[in-house]
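> here's a sequence, model it:
(chains A, B, C and D)
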There are 2 protein chains.
Amino acid sequence: MATIKEIAKACGVSISTVSNVLNNKSNVGEDTRKKILDTAKEMSYIPNYMAKNLKLKTTKTIGIITEDLTVFNCAEIVDGIHEFFDEHGYTFLLGNLRLYKKYDNEFYHKDVYKKQVDTELNKMKAKQVDGIIYIGAHCRKINYIPQGFPIPLVLAYSFCSNPDIPSVIFDDEEAAYQATSALIKNGNRKIGVIAGELSSLHTKERINGYKRALGDAGIPFRRNLIQEGNWNKAQSICACKTLMDEAVTAIFAMNDIMAGGVYEFTAREELKVGTDLDLIGFDNREVAQAYNPTLTTMKLPLNRIGRKAAEIMINILENGKESIQKDLYKINCELIIRDSLRK
Amino acid sequence: MATIKEIAKACGVSISTVSNVLNNKSNVGEDTRKKILDTAKEMSYIPNYMAKNLKLKTTKTIGIITEDLTVFNCAEIVDGIHEFFDEHGYTFLLGNLRLYKKYDNEFYHKDVYKKQVDTELNKMKAKQVDGIIYIGAHCRKINYIPQGFPIPLVLAYSFCSNPDIPSVIFDDEEAAYQATSALIKNGNRKIGVIAGELSSLHTKERINGYKRALGDAGIPFRRNLIQEGNWNKAQSICACKTLMDEAVTAIFAMNDIMAGGVYEFTAREELKVGTDLDLIGFDNREVAQAYNPTLTTMKLPLNRIGRKAAEIMINILENGKESIQKDLYKINCELIIRDSLRK
DNA sequence: TCTGTATAGTAAACCGTTTTACCTTTTTTA
DNA sequence: TAAAAAAGGTAAAACGGTTTACTATACAGA
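As a prediction, this is how the structure comes out:
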């Protein structure tokens, strides 16, 4: 591969001059400049970033750490980051911890996680990244990010027990408020909830949103209209049965998989979603369009989370950490209306 | 950040000695070695890879280029690559061309694609990656990879018109053979196919596999049992209607989305998949488990494609291009049996 | 004519490593 | 005991760029 030195020799100038031309400095004559540019193209010169970055101490590289790239929401966030950075000339180092694949839910391996995260962060430090975006996958609040890491860090999809790391999450409370309100607006006053794991922060906040919507409509909250579905279909079917026994007219399921449980239960009972029952899901996974009738659901703003995280990162990189105003950004979900609501 | 030089000064030795210790060279006394190691840890020394790689001319970095990270099959392939490389100490530069997001199917932008790919490849060249794995997404045969690129290149999920670039794909023909055979074994002799776009190489090869299975069972091939579903649900519903009019007893749909069309059509006609009709899909997307009854389908060996591509890459890196035996690896799919086949 | 200021260009230091060639000192071997 | 070999260590060049400080020439204005 051609170097700056070879170009210099070929043009009979010093390497400084070549460097100046290649970096659009102004102190070079028009003809020399042209000659250098031409030979550079001719020799198909490509700068060696190892050399460049060594001197410049900035790599224009962002590290992206994912807990598990194959989790349904992850790729879209990464894509959002890419989208934002597209015209900024950065490259990306991808770290994929494979946490869930490796330690498959046995139990919550806090120490193991912490060690993995540490290792990956240091790897990226060695590779001199300018900043790191960490994408959480499941846990909303993360406690295994080290304090005082010397490289700018931004969290996406999760936030951190360390409060001064900027984080971008979606607004669980507001999303549940919107979903519930939509059901109320459609004439429902007895609205069941199939909740995720009750200890999860996601679940708790969504229940708050649900309560707020009920409150705003003057509907009393009833504890037994909330049933735990534990994020999976099997438990959701049980939860659905309980709710139907309570004679709810609508169900808010906290993810699309659990909404699938409602389809299944109602099919068994010869009832039809969208006719006998209103249903709203959460996530807007691919399945939402496969159900029959198609599922109205809250779309996670994954792409926007990625973009926002990227925006914050570049802001920090260009203007310093102090320039950003707040440390927790909440992005709203969007209700995707399909056929699981009565007309 | 601490450098080798500072460690040298702190220990009163030369930087060569520090370097030797840090790289496990043998010509250093035990006590000096220990002292250096200790102070390195104490100063939390992390090597600067820009400097290291500049000298070594190898970066232990692999470029991964994806056409569109959010396409359903992409993340899993990347994950497979990561899995294989996990213990080899490599890092990954991720390029996400966002081809389909950016040029949203308007038409097939060959020149635009080519330019994007070229740009990305050169970016990675500048960053001195040791090798590049290119993940195709839709097109099985790719014609926009430049000839004679100076860095080792491996293709995953697609292969290349340039025959000496090693490629890893799944075996379409064999997969269709397996699927069709399973349907035959289940007692079907009149098996309809809802095909993808007929011009697609995927479709063509799968039709070959279908024919071979029929041939092996002595069932005559009938042209009108193949209906084009064009990879989408709407067209699949029409295709399904035509096939049902032909009184098929089983359908092989070339993806899970089109299989969804069969569920929808049969539901309208008060028929039931898995009772009145056998159905096999393709891809094993998340939806396959959401259908009712759940869908038997061919699982794409995405993770294995990634792992194999990674294996080939490391082989080339360590033993040279000549060491690999063949340039096109076909990996088999796996039939995932669920409830859409009659017992 | 002298001074001052652009303009065009260069030499050399530097970034943080690795590595080659070399130098001492000590130990082994004949 | 002398020569050879081993052990422990170092100086300096190199990797491919950027940047600072400097030089030489040309030209303008007084």
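
> for the rest of this, base every contact and every neighbour count on C-alpha atoms.
Fine.

> which parts of the stretch 101-250 of chain A are strands?
Ranges of strands within the stretch 101-250 of chain A are A:131-135, A:141-142, A:153-156, A:159-160, A:167-170, A:191-195, A:226-228, A:250-253, based on DSSP state E, counting those that start in this stretch.

> and those as TSV, adding distance to B:Tyr210, mean neighbour count and mean pLDDT?
Output for the strands of the stretch 101-250 of chain A, formatted as TSV (distance: least, Cα to Cα, whole Å; neighbours: other Cα atoms under 10 Å in any protein chain shown; pLDDT from 0 to 100):
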stretch	distance to B:Tyr210	mean neighbour count	mean pLDDT
strand A:131-135	43	25	97
strand A:141-142	50	16	90
strand A:153-156	46	28	97
strand A:159-160	51	22	92
strand A:167-170	46	24	97
strand A:191-195	44	27	98
strand A:226-228	46	21	98
strand A:250-253	41	28	98
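
> can you list these in JSON lines and add distance to B:Tyr144?
Shown next, in JSON lines, are these (distance: least, Cα to Cα, whole Å):
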{"stretch": "strand A:131-135", "distance to B:Tyr144": "32"}
{"stretch": "strand A:141-142", "distance to B:Tyr144": "43"}
{"stretch": "strand A:153-156", "distance to B:Tyr144": "34"}
{"stretch": "strand A:159-160", "distance to B:Tyr144": "41"}
{"stretch": "strand A:167-170", "distance to B:Tyr144": "37"}
{"stretch": "strand A:191-195", "distance to B:Tyr144": "48"}
{"stretch": "strand A:226-228", "distance to B:Tyr144": "51"}
{"stretch": "strand A:250-253", "distance to B:Tyr144": "45"}
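
> is stretch A:246-260 up against chain B anywhere?
Yes: for stretch A:246-260 and chain B, the contact criterion (Cα under 8 Å from any Cα of the partner chain) is met by A:Ile257, A:Gly260.

> contacts for that stretch, please.
A:179-180, A:183, A:188-196, A:203, A:225, A:229, A:231-233, A:235-237, A:276-285, A:287-288, A:291, A:297, B:290 (Cα atoms under 8 Å, 6 or more residues apart in numbering or on different chains).

> if any of those residues are buried, give me the ChimeraX selection for them.
For the buried members of those, the matching ChimeraX selection, counting by 16 or more other Cα atoms under 10 Å in any protein chain shown, is:
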select /A:179,180,183,188,189,190,191,192,193,194,195,196,203,225,229,231,232,233,235,236,237,277,278,279,280,281,282,283,284,285,287,288,291,297 /B:290
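
> which of the contacts of stretch A:246-260 fall within helices?
A:Ala179, A:Thr180, A:Leu183, A:Thr203, A:Lys233, A:Gln235, A:Ser236, A:Ile237 (DSSP state H).

> would a markdown table of these with pLDDT and distance to B:Leu22 be doable?
Shown next, in a markdown table, are the ones in helices among the contacts of stretch A:246-260 (pLDDT from 0 to 100; distance: Cα to Cα, whole Å):
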| residue | pLDDT | distance to B:Leu22 |
| --- | --- | --- |
| A:Ala179 | 98 | 58 |
| A:Thr180 | 98 | 60 |
| A:Leu183 | 98 | 64 |
| A:Thr203 | 97 | 49 |
| A:Lys233 | 94 | 53 |
| A:Gln235 | 97 | 54 |
| A:Ser236 | 97 | 56 |
| A:Ile237 | 97 | 59 |
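
> which of those sits closest to DNA strand D?
Ranked by distance to DNA strand D (Cα to the nearest atom of the strand), the ones in helices among the contacts of stretch A:246-260 are led by A:Thr203 at 50.2 Å.

> the closest one touches A:Ala195, doesn't it?
Yes: applying Cα atoms under 8 Å, one finds A:Thr203 in contact with A:Ala195, separated by 6.3 Å.

> ok, what's across the strand from A:Gly131?
A:Ile62 (DSSP bridges).

> which residue sits closest to the residue in the stretch 101-250 of chain A that DNA strand D sits nearest to, ignoring its sequence neighbours?
Closest to DNA strand D within the stretch 101-250 of chain A is A:Gln128: 14.4 Å, counting by Cα to the nearest atom of the strand. Closest residue to A:Gln128 apart from its sequence neighbours, by Cα to Cα, 6 or more residues apart in numbering or on different chains: A:Thr59 at 6.6 Å.

> now that neighbour: how far from A:Val193?
49 Å (Cα to Cα, to the nearest Å).

> is the helix-or-strand element of chain A with minimal mean pLDDT anywhere near chain B?
Every helix and strand in chain A was compared by mean pLDDT, DSSP states H and E; the lowest is helix A:99-102, with a mean of 82. No: using Cα under 8 Å from any Cα, helix A:99-102 stays clear of chain B, coming no nearer than 9.7 Å.

> which positions in that helix come out as buried?
Residues A:Leu99, A:Tyr100 are the ones in helix A:99-102 that count as buried (16+ other Cα under 10 Å).

> for that helix, packing partners?
Helices and strands touching helix A:99-102, by 3 or more Cα pairs under 8 Å, 6 or more residues apart in numbering or on different chains; DSSP states H and E: there are none.

> which positions in the stretch 101-250 of chain A make contact with DNA strand D?
Taking Cα under 7 Å from any atom of the strand as the criterion, DNA strand D has no neighbours within the stretch 101-250 of chain A.

> so which helix or strand takes in the residue lying closest to A:Glu120 once chain neighbours are set aside?
Among residues not flanking A:Glu120 along the chain, A:Gly95 sits closest, at 6.9 Å (Cα to Cα, 6+ apart). According to DSSP states H and E, A:Gly95 maps onto strand A:91-96.

> contacts only, for the residue in the stretch 201-343 of chain A that DNA strand D sits nearest to.
Residue nearest to DNA strand D within the stretch 201-343 of chain A (Cα to the nearest atom of the strand): A:Glu318, separated by 15.5 Å. For A:Glu318, the contact set (Cα under 8 Å, 6+ apart) is empty.

> returning to that earlier point: neighbours of the residue nearest to A:Gln128, how many?
21 (other Cα atoms under 10 Å in any protein chain shown).

> find the residue at the geometric middle of chain A.
A:Ile77 (4.0 Å; Cα atoms, centre = their mean).

> and that one, helix, strand or coil?
helix (DSSP: H, G, I helix; E, B strand; the rest coil).

> wait, it sits on A:Lys308?
No: between A:Ile77 and A:Lys308 there is no contact under Cα under 8 Å: 9.9 Å.
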